[in-house]
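1. I would like to see how this sequence folds:
(one chain, ligands or ions: 1)
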Amino acid sequence: MEGVEVDRPMKLHFIPYPAPGHMIPMCDIATLFASHGQQVTIITTPSNSHFFTKSLSSVDPFFLRLHLVNFPSQQVGLPDGVESMSSTSDGDTSGKIYYGAMLLREPIHDFMEKDPPDCIIADCINPWVYDLAHKLQIPTIAFTGFSLFTVSLMESLRINPSFCSHTDSSPGSFTVPNFPHSITLCTKPPKIFTGFMEMMLETILKSKGLIINNFIELDGEECIEHYKKITGHKVWHLGPASLIRQTIQEKSERGNENVVSVHGCLSWLNLKRHNSVLYICFGSICYLSDKQLYEIACGIEASGHEFVWVVPEKKGKEDESEEEKGKWLPKGFEERNIGKKKGLIIRGWAPQVLILSHIAVGAFMTHCGWNSTVEAVSAGVPMITWPVHGEQFYNEKLITNVRGIGVEVGATEWCVNGFEEKQKIVSKDSIEKAVKRLMDGGDEAEEIKQRAQEFGEKATRAVQEGGSSHNNLLSLIDDLKQMRNCKTLD
Ligand code: UDP
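-> Next comes the predicted model:
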């Protein structure tokens, strides 16, 4: 009988957080488990189902299915269909979405009672899930959208009293104490982020272990050891999860609906030389002012490099007046660049993984969201780092100081969220300089590109049979089965 129990697939319920940067990697990780014969249910709300349905079509529904619970729109005062952080550009609405996601506790509780899983895998931004699971005596594994480098750096800060007592206005730079790498940050995070970080780290420790969308070689054994030493917690590196997507269709059908034709985008890139195009995108929830977009336009034009630039959807709508356009695009920019096929502007959702994996792309100007970072690493593309808020400043340090696969643009203002109006503008000169530093050639640029290429190869090996992430997945499935039999993972 015992053998039969061991062979039965694990029944896993996934609970993502309603933001693209969280749903996308969780969807890929759920698909990973399903493609290894485990029975996965992703719990989400109707308007977010499209984030997952495209993946579902490639997997047997016995192994991967969706369970929908209604979003409490009326209760939180939101119009129907506004259920994801990417459907808003203001902090008030995002607060309501956060609150609405917490109210899912009740319908999810009812579902769990009717259909209890062997284990819940939940985003650690949903702390209520862990209390619910505890009540129902269902074990949990935490998922974080961060790298372990960042999680363990945050743990180092959390246990340091002098850092914890800082105020938002504390001046000067500081060096992260008790950490395997020497990391100096010029700005301290806003208090609100530190509080959020604390809650997240506590939540992780309520679980039986932590899943990371990264591979060991990029986080580094030293960070893994450090995290285990200070927390005693288990960690499984299963990524880069995006590498589960192999075909053009799988790479392009990811997240929101693309606003460009995949064929058009590929045809444009196919005409370009290898490593010649700069790709610019600031993720799914980051809004730059018109003034900042204007500086970017001037900076990339002055650099002389060809580009694919993703801007918010409302930019350049057909009814945008010349006056409106003039606020974020220099006069004649479109004629000189778009018309002459030197640049492509994508207004809205772009097929990012597909673009990054194109041979013509030579650098990525990024806000350093973790998914964007690990997707660039997977494609062997070096980065120009421009963090805006949250843990993006820590990711920048991993990319530049620690792994040497990118250069900083020089952004120092740590915003509270992606919607906030930034006070400091990154100048066109800084942008031009950073682009040229990485794309004009020279010894430094060649070394950075070489290292990025090597990490890309390591990422690919990690997810292949025998690779570190592949082995971790098998060992996690084994651990979960053991836990089901013995009811413990400790
Ligand atoms: N993304 C995309 N197209 C876009 C913007 C974003 O495919 O036009 C994807 C990107 O590939 C990544 C995710 O959305 O998987 C953004 O996550 P990240 O952690 O980089 O940033 P966030 O949006 O959470 O700040």
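
2. Give the buried residues for the single longest helix found in the chain.
-> Criterion DSSP state H: the longest helix present in the chain is helix 443-463. In terms of neighbour count (16 or more other CB atoms under 10 Å), helix 443-463 has its buried residues at 445, 448-449, 451-453, 455-456, 458-460, 462-463. Quick note: C-beta positions are derived from backbone N, CA and C, even for glycine.

3. Distance from the next helix or strand after it to the middle of the chain?
-> Toward the C-terminus, helix 443-463 is succeeded by helix 468-486 as the next helix or strand (DSSP states H and E). Remark: helix 468-486 is offset 24 Å from the chain centroid, using CA atoms, centre = their mean, to the nearest Å.

4. One more: stretch 314-327?
-> Centre-to-centre, stretch 314-327 and its host chain are 30 Å apart (CA atoms, centre = their mean).

5. With the ligand in mind, check whether it reaches it.
-> No - figure legend: stretch 314-327 not in contact with the ligand (CB under 6 Å from any ligand atom); closest approach 12.6 Å.

6. Contact residues of this protein facing the ligand?
-> Proximity of the chain to the ligand (CB under 6 Å from any ligand atom) is limited to residues 19-21, 24, 254-255, 281, 283-286, 310, 349-350, 352-353, 369-372, 375.

7. out of the residues you listed, which are inside strands?
-> Residues of those located in strands (DSSP state E): 281, 310.

8. Under the pLDDT cut-off, which ranges of the stretch 201-350 of the chain? List them.
-> Residue ranges of the stretch 201-350 of the chain with pLDDT under 70: 315-318.

9. Pick out the residue nearest the middle of the chain.
-> Nearest residue to the geometric centre of the chain (CA atoms, centre = their mean): Asn371, 2.8 Å.

10. Read off the pLDDT value for Glu155.
-> Glu155 is assigned 94 on the pLDDT scale.

11. What strand or helix carries it?
-> According to DSSP H and E, Glu155 maps onto helix 148-158.

12. what separates that helix from the chain centre, distance-wise?
-> When C-alpha coordinates are averaged (CA atoms, centre = their mean), helix 148-158 and its chain have centres 17 Å apart.

13. Which residues does that helix contact?
-> The set of residues external to helix 148-158 that reach it, using CB atoms under 8 Å, 6 or more residues apart in numbering, is 144, 146, 163-164, 176-179, 183, 194, 197-198, 201, 204, 210, 212, 214, 218-220, 223-224, 226-227, 230-231, 235, 237, 370, 391, 394-395, 397-398, 402.

14. on that earlier part again, closest to Phe71 among the buried residues of helix 443-463?
-> Taking CB to CB as the measure, Val463 is the one of the buried residues of helix 443-463 closest to Phe71, at 33.2 Å.

15. how far away is that closest one from Asn401?
-> 26 Å (CB to CB, to the nearest Å).

16. And Glu83, by the same measure?
-> Computed as CB to CB, the Glu83 to Asn401 distance reads 38 Å.

17. quick one, which of these two is more surrounded?
-> Taking neighbours as other CB atoms under 10 Å, Glu83 and Asn401 compare with Glu83 leading, 22 against 14.

18. Report the secondary structure state of that one.
-> Secondary structure, DSSP: H, G, I helix; E, B strand; the rest coil: Glu83 is coil.

19. domain ranges for this structure?
-> 11-244+463-488, 257-460 (the TED database).

20. Now do stretch 361-378: distance to the chain's middle.
-> Relative to the chain's own centre, stretch 361-378 is displaced by 9 Å; criterion: CA atoms, centre = their mean.

21. got the CA coordinates for it in PDB?
-> Output of stretch 361-378 as PDB, limited to C-alpha atoms (Å, rounded to 0.1, in the frame of the first residue of the first chain):
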ATOM      1  CA  VAL A 361      19.200  41.900 -29.200                       C
ATOM      2  CA  GLY A 362      22.500  43.000 -27.700                       C
ATOM      3  CA  ALA A 363      21.400  44.700 -24.500                       C
ATOM      4  CA  PHE A 364      18.400  45.200 -22.300                       C
ATOM      5  CA  MET A 365      17.600  48.400 -20.400                       C
ATOM      6  CA  THR A 366      15.600  47.100 -17.500                       C
ATOM      7  CA  HIS A 367      13.900  48.200 -14.300                       C
ATOM      8  CA  CYS A 368      15.500  45.000 -12.800                       C
ATOM      9  CA  GLY A 369      12.200  43.300 -11.900                       C
ATOM     10  CA  TRP A 370      13.300  39.800 -11.000                       C
ATOM     11  CA  ASN A 371      11.500  38.100 -13.900                       C
ATOM     12  CA  SER A 372      12.900  40.500 -16.500                       C
ATOM     13  CA  THR A 373      16.400  40.000 -15.000                       C
ATOM     14  CA  VAL A 374      16.300  36.200 -15.100                       C
ATOM     15  CA  GLU A 375      14.800  36.200 -18.500                       C
ATOM     16  CA  ALA A 376      17.700  38.400 -19.800                       C
ATOM     17  CA  VAL A 377      20.200  36.100 -18.100                       C
ATOM     18  CA  SER A 378      18.600  33.100 -19.700                       C
END
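
22. Going forward, the N-terminal residue is numbered 43.
-> Sure, I'll start counting at 43 from here, so that last one is stretch 403-420.

23. Contact partners for Ile253?
-> Residues near Ile253 by CB under 8 Å, 6+ apart: 71, 163, 183-186, 278, 280, 518.

24. Now intersect those residues with the strands, please.
-> Counted as lying in strands by DSSP E, out of the contacts of Ile253, are 163, 183-186, 278.

25. Which single one of those residues is nearest to the ligand?
-> Checking the ones in strands among the contacts of Ile253 against the ligand by CB to the nearest ligand atom gives Thr186 as the nearest, at 11.4 Å.

26. tell me the contacts of that closest one?
-> Taking CB under 8 Å, 6+ apart, one finds 165-166, 193, 242, 246, 252-254 in contact with Thr186.

27. and what of Ser399?
-> Going by CB under 8 Å, 6+ apart, Ser399 touches 293, 420-421.

28. ditto for Cys69
-> Counting by CB under 8 Å, 6+ apart, Cys69 has contacts 58, 84, 93-94, 97.

29. helix or strand for it, which one?
-> Using DSSP H and E, Cys69 maps to helix 62-77.

30. Also Gln291?
-> Assigned by DSSP H and E, Gln291 belongs to helix 290-294.

31. Tell me which helix or strand comes right after that helix.
-> Moving toward the C-terminus from helix 290-294, the first helix or strand encountered (DSSP H and E) is helix 304-312.

32. Quick check: buried residues in that following helix?
-> Under the neighbour-count criterion of 16+ other CB under 10 Å, helix 304-312 has 304, 307-308, 310-311 buried.

33. with those in mind, which one is nearest to Gly79?
-> For the buried residues of helix 304-312, the closest approach to Gly79 (CB to CB) belongs to Val304, at 30.9 Å.

34. what's that closest one in contact with, if anything?
-> Applying CB under 8 Å, 6+ apart to Val304 gives the contacts 290, 294, 393, 396.

35. these two touch, right, the second one and Pro393?
-> So that's Ser294. Yes - Ser294 is in contact with Pro393 according to CB atoms under 8 Å; the separation is 3.9 Å.

36. show me what contacts Arg107?
-> Contact analysis of Arg107 by CB under 8 Å, 6+ apart lists 82-84, 98.
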